[in-house]
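>>> turn this into a model:
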Amino acid sequence: MIGVDGSGPTKMEGTGQFHENGPHGVLRQFEVKFIYGNHEGGELLCTSQTEEFGVHFNLYGDDGRISVSRRRISASDPDIVRTESKNYDDRLLESYVRHYENWLDCIHTRERSICDVEIGHRSVTVFHLANLAVRLGRPLSWNPDRETFVDDPAADRLLSRPMRSPWRI
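Now for the predicted structure:
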């Protein structure tokens, strides 16, 4: 809808709490703000504070606010989510319900899925960036084209870890 599927945020900052004794290093509670530099007024607020299970996204732009959670999409002006644009695909409204079915269908048909691999990559990158912003406890600047932090070697070191032998790139 905002034309950033092939891009990403340019700035992020957030707060949160990690699971203390869990086997994984994921956030338990969080609130992270992202700024999208290629979209005027584009601010995305991602939070775990939602009435439903999952994550809640609020996108603030020049035309209002869009809120998306596990099974809901709403806007400050309902016409915003009904308006067709060249960047909007109506199939995404039903993607939650049919996501796994669509993936299995595409394995058989060799068609592209509703959530293409590039969109999936860019979507999951947002969560990794949120994790790092909270972990470092400071605002970060990101270059979505190079997929590196801007002038921040300490943050760049957290983008990967040594691979176990015999795996390598």
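>>> show me where this protein has helices.
In the chain, the helices defined using DSSP state H lie at 79-82, 95-109, 117-136, 153-156.
>>> just the buried residues of stretch 31-48, please?
31-37, 39, 42-48 (16 or more other CB atoms under 10 Å). In this view, the C-beta of every residue, glycine as well, is placed from N, C-alpha and C.
>>> endpoints of it, how far apart?
7 Å (CA to CA, to the nearest Å).
>>> one more: stretch 14-26?
Distance across stretch 14-26, first residue to last, is 14 Å (CA to CA).
>>> compute the distance between Ser123 and His24, please.
According to CB to CB, to the nearest Å, Ser123 and His24 sit 19 Å apart.
>>> if we can go back for a sec, so which of the helices of the chain gets nearest Leu59?
Nearest to Leu59, of all these, is helix 79-82, at 9.9 Å by CB to CB.
>>> that closest one - contacts with which helices or strands?
strand 64-68, strand 73-75 (3 or more CB pairs under 8 Å, 6 or more residues apart in numbering; DSSP states H and E).
>>> per-residue confidence at Arg122?
Per-residue confidence (pLDDT) for Arg122: 84.
>>> for it, grab the count of nearby residues.
18 (other CB atoms under 10 Å).
>>> surely it is in contact with Gly8?
Yes: using CB atoms under 8 Å as the test, Arg122 is close enough to Gly8 to be in contact (5.6 Å).
>>> shared neighbours of these two, which are they?
Common contacts of Arg122 and Gly8 (CB atoms under 8 Å, 6 or more residues apart in numbering): Pro144.
>>> ok, back up a step: now the helices of the chain as a markdown table including distance to Gly61?
Listed next are the helices of the chain as a markdown table, based on distance: least, CB to CB, whole Å:
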| stretch | distance to Gly61 |
| --- | --- |
| helix 79-82 | 9 |
| helix 95-109 | 21 |
| helix 117-136 | 16 |
| helix 153-156 | 27 |
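>>> out of these, deepest packed?
Between the helices of the chain, helix 117-136 has the highest mean count of neighbours, a mean of 16, where neighbours are mean count of other CB atoms under 10 Å.
>>> so what touches that helix?
With CB under 8 Å, 6+ apart, helix 117-136 has contacts from 4-9, 12-16, 18, 25-27, 30, 32, 34, 44, 46, 115, 139-140, 142, 144, 147, 154-155, 158.
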